[in-house]
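Q: Please work out how this folds:
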Amino acid sequence: QEIRKRSRLFIANSRFCASMYRDWSIRVDGIIYPPLDCSQFKPTTSTPSRDYVLTYVGKETKHSILKSIADAGVRIKAFGSKAPYTPSYLLNHPNVEFLGHVSDEELIDLYSNALFTLFTFTHEPFGYVPVESMACGTPVLTYNKQGPSETVVNGVTGWLANGDEELVELAVRLWREGYPSWMRSRCRERAL
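A: Prediction:
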């Protein structure tokens, strides 16, 4: 409340974040989504390999869901510099390649070549990962809640699951069956 009193404007970075502030009785004047440099985050290839699923691993990642997906035979490449939060059952899983910290150039190429980006989380006010992935032309599978549900368009730029079981089922089905190629161009359009 004290910050609000000292501020002429109070801007949230997503509708979800604005709702959290309103729950705390803080008046929000507007919403401005964080920017992304789409001249940097863009597809690096017109023929992506699509031989892995990319995911971010951090302290708010649902690790057990990643394990369930990897156990079902999905090949996952995981990036993120928060290895202390990553359980050994993921670090040592035969279907998970943990890359650790990657440069922006490496990340853009990883996004561009992934079949899709998997974004599991416990709490995410906005979520750069989905927007970065879509800017690189790669659809996103995530939850139908919080910040990511504001950027991913279900069935157009990715898939919004209503729970863990649905997310795992979708991940396995997409790995086995793929999706329409037009989705990749729609992802880029959405990010722009």
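
Q: Can you get me a residue count around the spatially closest residue to residue 43 that is not a sequence neighbour?
A: Excluding the flanking residues, the one nearest residue 43 by Cβ to Cβ, 6 or more residues apart in numbering is residue 137, at 4.1 Å. C-betas here are computed from N, CA, C, even on glycine. Counted by other Cβ atoms under 10 Å, the residues lying close to residue 137 total 26.

Q: Could you pull out the strands in this structure for me?
A: 11-12, 30-31, 53-56, 76-79, 96-100, 117-119, 140-143, 158-161 (DSSP state E).

Q: Now mean neighbour count, mean pLDDT and distance to residue 170 too, for the ones you listed, in CSV please.
A: Converted to CSV, the strands of the chain look like this (neighbours: other Cβ atoms under 10 Å; pLDDT from 0 to 100; distance: least, Cβ to Cβ, whole Å):
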stretch, mean neighbour count, mean pLDDT, distance to residue 170
strand 11-12, 17, 90, 29
strand 30-31, 12, 92, 28
strand 53-56, 25, 97, 11
strand 76-79, 22, 96, 14
strand 96-100, 16, 93, 18
strand 117-119, 26, 97, 10
strand 140-143, 26, 98, 6
strand 158-161, 24, 98, 5
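
Q: would you list those in a markdown table and tack on distance to residue 45?
A: Formatted as a markdown table, the strands of the chain follow (distance: least, Cβ to Cβ, whole Å):
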| stretch | distance to residue 45 |
| --- | --- |
| strand 11-12 | 36 |
| strand 30-31 | 34 |
| strand 53-56 | 14 |
| strand 76-79 | 16 |
| strand 96-100 | 18 |
| strand 117-119 | 15 |
| strand 140-143 | 18 |
| strand 158-161 | 19 |
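
Q: Among those, which comes closest to residue 185?
A: Comparing these against residue 185 with Cβ to Cβ, the closest turns out to be strand 158-161 (13.4 Å).

Q: first vs last residue of stretch 47-55, how far apart are they?
A: 20 Å (Cα to Cα, to the nearest Å).

Q: List the neighbours of the helix-or-strand element of the chain with minimal mean pLDDT that are in contact with it.
A: Lowest mean confidence among the helices and strands of the chain (mean pLDDT, DSSP states H and E): helix 2-6, at a mean of 77. Helix 2-6 is contacted from outside by 10, 26-27, using Cβ atoms under 8 Å, 6 or more residues apart in numbering.

Q: And stretch 78-88, by the same measure?
A: With Cβ under 8 Å, 6+ apart, stretch 78-88 has contacts from 54-59, 61, 63, 66, 90-91, 96-102, 107, 110.

Q: repeat that with 6 Å
A: The list of residues contacting stretch 78-88 from outside it, by Cβ atoms under 6 Å, 6 or more residues apart in numbering, reads 55-59, 63, 96, 98-99, 101-102.

Q: Brilliant, that's me finished.
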